[in-house]
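Engineer: One predicted model, sequence on top.
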Amino acid sequence: MADTFSRKKRSWIMSRIKGRDTKPEKIVRTILKSMGCRIRRYDTTLPGNPDIVLKDKWKIIFVHGCFWHGHKSCSRSRRPSTNRAFWNRKIDGNIERDLKVRRKLKNMGWRILVVWECQLKDNTHLKTSLAKFIGQRTRRSI
Ligand SMILES: [Zn+2]
C-alpha cells in the first residue's frame, strides 16, 4: 500500500487515530457497561495509561488500532511502502512499548485483554470474548 495521502491529510488521520475516546473504545465500553461492569478510563497512575480499567476485577482492556499497534498478519496493519524506515521505526516502537507495558501490568497483578480494531466487526464474537475475560457468561438474550 502506497502512502497516497498528502502530508496534511496524513497528519490529520494520525491525529484522529491517536485521539482518545475513539469509536472502537466506545463500542467496547458500551458492551462492558451492558454486562454491568464499572469502568475506569485512562488510568494515568498505571503504566501505559490503559484505555479501560476494571479496577474491582483487576482487569485491563486495551483497544488497539491495527495499523498503529502492528496487528500481526492483519490486512489493516499493512505499512505504507513509502517512508518505510519511518513507519517501521514508529510502529515497531509501538509494538515494543505495548509489550513492555503489558509485562509491567502483569507483574503488578493485572490481567490484560487486547481488543483489536478489526475484531469489532464481529460483535457476537467480541461479546463472547469480553464476557469470557471478565468472567461472566453471556446471556442468551444478548
Ligand atoms: Zn487487525
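Structural biologist: That came through fine.

Engineer: List the residues that contact residue 108.
Structural biologist: Neighbouring residues of residue 108 by CB atoms under 8 Å, 6 or more residues apart in numbering: 46-47. C-betas here are computed from N, CA, C, even on glycine.

Engineer: That one and the ion: what is the separation?
Structural biologist: From residue 108 across to the ion, the span is 27 Å (CB to the ion, to the nearest Å).

Engineer: go on, residue 37?
Structural biologist: 24 Å.

Engineer: For residue 135, see how far away that residue is.
Structural biologist: 11 Å (CB to CB, to the nearest Å).

Engineer: And the two? Which one has more around it.
Structural biologist: Between residue 37 and residue 135, counted using other CB atoms under 10 Å, residue 37 has the larger neighbour count: 18 against 9.

Engineer: okay but that one is in contact with residue 54, surely?
Structural biologist: Yes - counting by CB atoms under 8 Å, residue 54 is a contact partner of residue 37 at 5.6 Å.

Engineer: and the helix or strand where residue 105 lies, how far from the chain's centre?
Structural biologist: Applying DSSP states H and E as the criterion places residue 105 in helix 84-108. Here helix 84-108 shows a centroid-to-chain-centroid distance of 13 Å under the convention CA atoms, centre = their mean, to the nearest Å.

Engineer: Let's test this: mean pLDDT of it, rounded?
Structural biologist: In this model, helix 84-108 has a mean pLDDT of 96.

Engineer: repeat for stretch 53-71
Structural biologist: 93.

Engineer: Any idea how far apart the tips of it sit?
Structural biologist: Distance between the boundary residues of stretch 53-71 (CA to CA, to the nearest Å) amounts to 22 Å.

Engineer: just use 15 as the starting number from now, easier for me
Structural biologist: Understood, numbering begins at 15; the last thing we discussed is stretch 67-85.

Engineer: Show me what counts as buried in it.
Structural biologist: Under the neighbour-count criterion of 16 or more other CB atoms under 10 Å, stretch 67-85 has 67-68, 73-85 buried.

Engineer: ok, that stretch near the ion or not?
Structural biologist: Yes - using CB under 5 Å from the ion, stretch 67-85 reaches the ion at 80, 85.
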